[in-house]
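S.K.: structure for this input, please:
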Amino acid sequence: MTPTWLGLLAGLLTSIAAVPQVIKTLRSRHVRDLSIWQPLLLSVGIALWLIYGIMIGDVPLIVANITPLICNLMLTYMKIRFNHNDPELPH
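M.R.: This next block holds a predicted model:
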């Protein structure tokens, strides 16, 4: 296995890790147990890795950071948007 393929495999696994949470949150619209800080901080970190990958021209690094960036931005948005729909939270 070459370093490029290893990087692509690692990127694939870390990329799809957030997908089940996004799907669950989209379906349930329940965000009470979701911390705003985790996807927000992770989005910033992933965006920096993506920029770094672009700067050095590292394809596995670029590809590996697109999906998790989208997923974590979606989770951040849903936390803000759906938080008002939770009847158990004070408004």
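
S.K.: which ones are touching the residue nearest in space to the middle of the chain?
M.R.: The centre of the chain sits closest to Asn72, judged by CA atoms, centre = their mean, with a distance of 2.7 Å. Taking CB atoms under 8 Å, 6 or more residues apart in numbering, we find Asn72 in contact with Ala18, Pro39, Leu40, Leu42, Ser43, Ile46. The C-beta positions use only the backbone N, C-alpha and C, and glycine is treated the same way.

S.K.: and what about it, helix, strand or coil?
M.R.: helix (DSSP: H, G, I helix; E, B strand; the rest coil).

S.K.: can you give me the buried ones in the helix or strand hosting Arg81?
M.R.: Secondary structure from DSSP states H and E places Arg81 in helix 59-82. Judged by neighbour count using 16 or more other CB atoms under 10 Å, the buried positions of helix 59-82 are 60-65, 67-76, 78-79, 82.

S.K.: thanks again, I'm all set now.
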